[in-house]
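J.: structure of the sequence below:
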Amino acid sequence: MREFLPDVDNVKLQAAFEIKKAYEDGELSLAAAKAELKNRVKVLHPYEVALIEQELKPEVEDECRKEDIQGMIALFEDVLDRTRPTLPLNHPILNYYRENDVMRDLLKQVEDLQQYPAIKNQWLEIYDRIVRWRLHLQRKQNQLYPVLEKKGFTRPTTTMWTLDDFIKDEISAAYNLLKKADVTSLNGGNGELSLMSEADETAFIKLQPTLVADILDLIQKEETVLYPTSLTLISSQEFDAMRQGDFEIGFANITPEPLSTPWEDGLQAGSVGAGVGTEGQDGLGTGLRTGRPSPNGVATSQAAAGQSSNPNAAKVPGVTSNALASEIAALLGKYGYQSPEATGSQQELNVTNGKLTLEQINLIFQHMPVDFSYVDENEIVKFYNDSAHRVFPRSSNVIGRDVKNCHPRKSVHIVEEIISKFRSGEQDQAEFWINKPDVFIYILYTAVRDRDGRFRGVLEMMQDCTHIRSLTGSQTLLTWAAPKDEQGSQSDAAGISMKSDASSTHGKAVQPASLSESASPSKPASPSESAAAQASESVSLSESAAVKLAGSNAPAAERIETDRTGGQVKITPETFLKDLLAADPELKAYLIELNPKFRALNTPLARIMLPKARVQDMSERTGIPLSELIGKLEAFFVRHKQ
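T.: Numbering: from 1, shown residues only. Down below sits the predicted model:
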């Protein structure tokens, strides 16, 4: 972690740690501790607080929840730089700050509303927005924490993640009480709910002060240490690379600058902490570190220009680095060895059975109807296939991470047990399945071993089996499906509709399928005795993805309206996506072309997302400004009516 920071004064850090500990142990009063800090420490930057936490303070269970942020601020208020930075409009950290600002306003509404008798619709209006803040937490966990972890700052992953999950659970508990059906308040049997039961109302109101305090506590921890430290540790190029994954996960109650907005290299005038960093860094996380490659493989500054970052590096007279590389490549080629760079993606590689180019290998993985992820023998995430129909989206930031750090602490023991039993040879497979209305997801973990039986990692296979489980009879004739926009199902993307002979009533049978008469269906694998089905979603990272795809649980709103006289479609922020698709199924293809984020419509969880997603949600998740999105949708319907 230190190598990415400006020069730090170890004596000052040790003094700050000792004074803080003496104060917490009751050996110093607040006034005495503050006086000691002013005398011995003078100025403390957020990244120095982070370094104290990382290097000097022993990690304890649940420490992030136990850390008294208010007490720390009171102690350090005279020496700690808490200036809020001024950032470019499309900076990932600015989006976190903006989401926190909206959340503060929502929490003020909560504090005001809890003084009065509970009216369910009023609370739903607020909580429909509060639950979206879970996207803020998921983005932190899957985007920000991994980059900080690579810099050696692991405390957010190991401690703050726990607090994030705790608050997500609190929000869900309150929201579930709010939505819980009260059979005594049905209006004339029409299925509309008007009131909570007295017990649920009491429990819900009782939760609010704790929830408000916990969220505000987390926000202060983020803004006092996490974000300023991130701005110091993470380069501008790394933040730029982070934006794509941010948009894939989504944002909470804000409309960020579009992804197409040009990236501004560096921060605007604003303070994140004074001091001059090493290797030309200005202490602001502006990416001025010379010659240090970023984790995504893009070198910064001098290195990007092909220059050495070391002014004392040995130089060979008359030989440039490019010339040397060319000579080596020529020498290798003379003896039949060619680098991938020399032949491009068309070089054929020897695989177990056959030869494939790198391009072909990638295309095969991208078109697999099954999702794969691979963790090597060192428990590092090395690969996932990025197909168009992934069951659960992945962020590229998981690559290179310890697999245990890709999961909340409460499920790490399951990950460890699977790997341990695979490594020892005690088990070779572990299976899970998620069975929800209209969706059945099968997950299989397989131990990867080489020819000598040595453990080489874990392969995760995930498949949407909803369509497969619905099949009946037999299909031995080729029957082409109707155009996929007419079918509207995910199976149509493959181009063939798997219908049984008895029920197929359309298309032309081309020829009998060549089926081996001796072939028999494989015996289904028995459920693993040790598989913890209740933990399956957390093991596969599916929990955060499911929440992301489900969208906000918005209350019922007006449907799409058509002006029959003018032939125009009226679309509002509250219009439901499912109603738009029902009005014109071709809209799905248009949306995917409009923004890659809409590829989620081709995933099995679209069946969960569609009943709840509104135009407002579509805008927030894609970054397309709301007014612009509504204009494009209305123009689409006008064109198609013509």
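J.: and the strands in the chain?
T.: Using DSSP state E, the strands of the chain run over 348-351, 354-357, 371-376, 381-384, 429-436, 439-449, 455-464, 561-563, 568-570.
J.: show me the one of those that comes nearest D101.
T.: Among the strands of the chain, strand 568-570 comes nearest to D101, with 31.6 Å by Cβ to Cβ. Using the backbone N, CA and C atoms, a C-beta is placed for each residue, glycine as well.
J.: remind me which residues of the stretch 301-450 of the chain are low pLDDT?
T.: Low-confidence segments of the stretch 301-450 of the chain (pLDDT under 70): 301-345, 393-395, 397, 408-409.
J.: show me where it has its helices.
T.: Along the stretch 301-450 of the chain, counting by DSSP state H, counting those that start in this stretch, helices occupy 301-304, 321-334, 340-343, 358-366, 409-424.
J.: and what of the stretch 151-300 of the chain?
T.: Going by DSSP H, counting those that start in this stretch, the stretch 151-300 of the chain shows helices at 155, 161-179, 198-221, 227-233, 236-249.
J.: for the stretch 501-642 of the chain, what are the low-confidence residue spans?
T.: Looking at the stretch 501-642 of the chain by pLDDT under 70, you get 501-569, 603-608, 642.
J.: swap the cut-off to 80 and go again
T.: Counting by pLDDT under 80, the stretch 501-642 of the chain has low-confidence residues at 501-570, 596-597, 599-600, 602-611, 640-642.
J.: got any ranges where the stretch 151-300 of the chain has weak pLDDT?
T.: For the stretch 151-300 of the chain (pLDDT under 80), the answer is 154-159, 180-198, 264-300.
J.: what's the distance between the residue nearest to D584 when sequence neighbours are not counted and E426?
T.: Closest residue in space to D584, ignoring its immediate chain neighbours: H640 at 5.5 Å, by Cβ to Cβ, 6 or more residues apart in numbering. Per Cβ to Cβ, to the nearest Å, H640 is found 59 Å from E426.
J.: one more: E634?
T.: The value you get for E634 to E426, if Cβ to Cβ is used, is 60 Å.
J.: so the two - more neighbours on which side?
T.: Neighbour totals were compared for E634 and E426, and E634 leads with 14 against 10 (other Cβ atoms under 10 Å).
J.: could you check how far that one is from S627?
T.: The gap separating E634 from S627 is 11 Å, by Cβ to Cβ.
J.: quick check: L577 touching A613?
T.: Yes - look at L577 against A613 with Cβ atoms under 8 Å: they come within range, at 4.3 Å.
J.: and for the residue nearest to L113 when sequence neighbours are not counted, the neighbour number?
T.: The spatially closest residue to L113, leaving aside those adjacent along the chain, is Q122, at 6.3 Å (Cβ to Cβ, 6+ apart). Q122 has 12 neighbours, counted by other Cβ under 10 Å.
J.: now do the one 5 residues further on
T.: Look at Y127: counted by other Cβ under 10 Å, it has 21 neighbours.
J.: and it, what does it touch?
T.: Taking Cβ atoms under 8 Å, 6 or more residues apart in numbering, we find Y127 in contact with 174-175, 178.
J.: most neighbours of all the residues you listed, which one?
T.: Using other Cβ under 10 Å as the neighbour criterion, A174 leads these with 23 neighbours.
J.: okay, it and M103: tell me how far apart.
T.: Distance from A174 to M103, by Cβ to Cβ: 14 Å.
J.: likewise L233?
T.: Taking Cβ to Cβ, one finds L233 at 24 Å from M103.
J.: what does F576 give?
T.: Taking Cβ to Cβ, one finds F576 at 25 Å from M103.
J.: tell me how far the ends of stretch 449-467 are from each other?
T.: Terminal residues of stretch 449-467 are spaced 32 Å apart (Cα to Cα, to the nearest Å).
J.: list the buried residues for it?
T.: 455, 457-458, 460-464, 466-467 (16 or more other Cβ atoms under 10 Å).
J.: burial check on L89, number of neighbours?
T.: L89, neighbours per other Cβ under 10 Å, totals 12.
J.: do the one 10 residues further on as well
T.: For E99, the neighbour count with other Cβ under 10 Å is 23.
J.: ditto for S474
T.: Neighbour tally, S474, other Cβ under 10 Å: 11.
J.: and M103, by the same measure?
T.: 21.
J.: list the contacts for it?
T.: Here M103 is in contact with 130, 133, 136, 215, 219, 252-253 (Cβ under 8 Å, 6+ apart).
J.: now render the residues you listed as a markdown table, adding distance to Q346 and neighbour count.
T.: Converted to a markdown table, those look like this (distance: Cβ to Cβ, whole Å; neighbours: other Cβ atoms under 10 Å):
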| residue | distance to Q346 | neighbour count |
| --- | --- | --- |
| I130 | 52 | 23 |
| W133 | 47 | 21 |
| H136 | 44 | 26 |
| I215 | 53 | 21 |
| I219 | 52 | 21 |
| A252 | 44 | 24 |
| N253 | 47 | 21 |
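J.: now render the buried residues of stretch 449-467 as JSON lines, adding pLDDT and distance to M618.
T.: JSON lines is the format used below for those (pLDDT from 0 to 100; distance: Cβ to Cβ, whole Å):
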{"residue": "F455", "pLDDT": "96", "distance to M618": "45"}
{"residue": "G457", "pLDDT": "96", "distance to M618": "38"}
{"residue": "V458", "pLDDT": "96", "distance to M618": "36"}
{"residue": "E460", "pLDDT": "93", "distance to M618": "30"}
{"residue": "M461", "pLDDT": "93", "distance to M618": "31"}
{"residue": "M462", "pLDDT": "92", "distance to M618": "26"}
{"residue": "Q463", "pLDDT": "91", "distance to M618": "27"}
{"residue": "D464", "pLDDT": "90", "distance to M618": "23"}
{"residue": "T466", "pLDDT": "90", "distance to M618": "24"}
{"residue": "H467", "pLDDT": "88", "distance to M618": "26"}
